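Q: need a 3D model of the following:
(one chain, ligands or ions: 2)
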Amino acid sequence: MTDTTSASADFANFVRGLPKAELHMHIEGSLEPELMFELAQRNGITLPYGSVDEIRAAYAFSNLQDFLDIYYQGAGVLITEADFKDLALAYFKRLAADGGTHAEIFFDPQTHTDRGVAFETVMKGLLAGMKEAEETLGVTSKLILCFLRHLSEESAFETLEQAKPWLSNLAGVGLDSSEVGHPPAKFARVLQAARDLGLKIVAHAGEEGPPAYVWEAIDLVKVDRIDHGNRALEDEALTARLVKDGTTLTVCPLSNLKLCGVPSLDVHPLKTMLSLGLKATVNSDDPAYFGGYLLENYLATAGAVGLTREDVVTLAKNSFTGSFLSETEKAERVAKVEAYAAAH
Ligand code: HPA
Ligand code: ZN
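A: Numbers count the residues shown, from 1 in each chain. Ligands and ions are numbered 1, 2, ... in the order given. The predicted structure is shown next:
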């Protein structure tokens, strides 16, 4: 019999081959130090680091804000359409190597428009990368525009206005950046305006913020999924509600570890989430900063909390059922997961 305990090489190969979607990945967070240097050179930008090793050494964070400060600085090398295309393609190659077949990627337009990079430049570059990834790697993808919650509601409305010519290229909008002090309620009106335009709504909630922010996200903003959601477990009634509604949680284990949301991976709540019946998924968040892409998130967590083969199949299925693919596409993708599991 094949050994499918989480520590074995067979298990790793099984998870690598398992068709999976990634639903929580900030494209700016996939900027590897090597590409950061290359783009800085291409665009005549001087980085405050002398080497790739120096950049990596700076990636020691004690909370979300520590990380965000460095992440926004890194994104400053992205100037041209080609930069955004190269960034996206580099990510899709890593995803394909990990057995990822679909991604719904976040981007932060305000990080770029505030530096004088046109909204159109960002869109054209990312869309070109997505198209090439589908053609050459067979990876499908969708785009989710995130509003930076440390900025104003007015700025979010201006961004939504800029997005209007691109609606057919956007699956949804989300909320990211500094969570505490910027509850979902601050953006309830702009998110409703986005919904009226036919866009799906997601929000980071319960990463560092309290369960109250997750309640707001579901009851006031009526999100289609919750990004992270870890702190929802502190509230039994909230957990029960998320189970009852079948709300997808896009959980990011290595991110939680690097941003000190958990002291070590062996106490990560992912396994508990699954046993409670929550629709958890595994994602990399900002893989260039947090030390692992999609597969590494599955394997490191599997090793730490003892995910079984059945657990990872459930996680892969959740990644498709929780996606913004059509119902027909979801059924096809889930059938592929089942066929793979039956054959291996
Ligand atoms: N949390 C909030 N905002 C972010 C993150 C994150 O993990 N990554 C990029 N923007
Ligand atoms: Zn995130």
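Q: residues contacting the closest residue to ligand 1 within the chain?
A: Proximity of the chain to ligand 1 (CB to the nearest ligand atom) peaks at Asp176, 3.6 Å away. Bear in mind the C-beta positions are built from the backbone N, C-alpha and C, glycine included. Each residue near Asp176 by CB atoms under 8 Å, 6 or more residues apart in numbering is listed here: His26, Phe106, Asp108, Cys146, Phe147, Leu148, Arg149, His204, Asp227.
Q: the second one pairs with what?
A: In this case it means Phe106. Assessed by DSSP bridges, Phe106 has beta-bridge partners His26, Ile144.
Q: let's have the chain start at 676 instead
A: Shifting the count to begin at 676 puts that one at Phe781.
Q: tell me who's in contact with it.
A: Applying CB under 8 Å, 6+ apart to Phe781 gives the contacts His699, Met700, His701, Ile702, Ile819, Leu820, Cys821, Gly849, Asp851.
Q: got those as a markdown table, with pLDDT columns?
A: As requested, these are exported to a markdown table (pLDDT from 0 to 100):
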| residue | pLDDT |
| --- | --- |
| His699 | 99 |
| Met700 | 99 |
| His701 | 98 |
| Ile702 | 98 |
| Ile819 | 99 |
| Leu820 | 99 |
| Cys821 | 99 |
| Gly849 | 98 |
| Asp851 | 98 |
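Q: how about the residues of the protein by ligand 1?
A: The chain comes close to ligand 1 at residues His701, Gly704, Leu739, Tyr746, Asp851, Ser852, His879, Glu882, Ser930, Asp960, Asp961, as judged by CB under 6 Å from any ligand atom.
Q: could you turn the buried ones of those into a ChimeraX selection?
A: Here is the ChimeraX command that selects only those of the residues of the chain next to ligand 1 that count as buried (16 or more other CB atoms under 10 Å):
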select :701,704,739,746,851,852,879,882,930,960,961
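Q: inside strands: which ones of the residues of the chain next to ligand 1?
A: Cross-referencing the residues of the chain next to ligand 1 against strands under DSSP state E gives His701, Asp851, His879.
Q: from what I can see the last one touches Leu850, true?
A: Yes - using CB atoms under 8 Å as the test, His879 is close enough to Leu850 to be in contact (5.8 Å).
Q: need the residues touching each of the two.
A: By CB under 8 Å, 6+ apart, the residues touching both His879 and Leu850 are Arg824.
Q: show me where the stretch 676-825 of the chain has its strands.
A: For the stretch 676-825 of the chain, the strands defined by DSSP state E, counting those that start in this stretch occupy 695-701, 775-782, 815-823.
Q: CSV for these, including distance to Val889?
A: Compiled in CSV, the strands of the stretch 676-825 of the chain are given as follows (distance: least, CB to CB, whole Å):
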stretch, distance to Val889
strand 695-701, 15
strand 775-782, 18
strand 815-823, 17
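Q: nearest to Leu949 among those would be which one?
A: strand 695-701 (15.4 Å; CB to CB).
Q: in terms of secondary structure, what does the closest one contact?
A: Packed against strand 695-701, as judged by 3 or more CB pairs under 8 Å, 6 or more residues apart in numbering; DSSP states H and E, are the following elements: strand 775-782, strand 900-903, strand 923-926, strand 954-957, helix 969-980, helix 984-996.
Q: and those: which comes nearest His943?
A: Comparing the helices and strands packed on strand 695-701 by CB to CB, helix 969-980 comes nearest, at 5.7 Å.
Q: what's the angle from the closest one to helix 984-996?
A: Helix 969-980 runs at 140 degrees relative to helix 984-996, counting by axes from the mean of the first three to the mean of the last three CA atoms, to 10 degrees.
Q: with just CA atoms, put helix 969-980 into PDB.
A: Output of helix 969-980 as PDB, limited to C-alpha atoms (Å, rounded to 0.1, in the frame of the first residue of the first chain):
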ATOM      1  CA  LEU A 969       0.900  27.200  -2.900                       C
ATOM      2  CA  LEU A 970       2.400  23.700  -2.600                       C
ATOM      3  CA  GLU A 971       4.700  24.700   0.300                       C
ATOM      4  CA  ASN A 972       1.700  26.000   2.200                       C
ATOM      5  CA  TYR A 973      -0.100  22.700   1.800                       C
ATOM      6  CA  LEU A 974       3.000  20.600   2.700                       C
ATOM      7  CA  ALA A 975       4.300  22.600   5.600                       C
ATOM      8  CA  THR A 976       0.900  22.700   7.100                       C
ATOM      9  CA  ALA A 977       0.200  19.100   6.400                       C
ATOM     10  CA  GLY A 978       3.400  18.200   8.200                       C
ATOM     11  CA  ALA A 979       2.800  20.500  11.100                       C
ATOM     12  CA  VAL A 980      -0.900  19.700  11.900                       C
END
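Q: so what's the model's average confidence on that helix?
A: For helix 969-980, mean pLDDT rounds to 98.
Q: and the contacts of it?
A: Contact with helix 969-980 is made by 681-682, 686-687, 690-691, 695, 697, 700, 770, 772-775, 927-929, 939-941, 943, 945-946, 957-959, 962, 967, 982, 986-987, 990, as judged by CB under 8 Å, 6+ apart.
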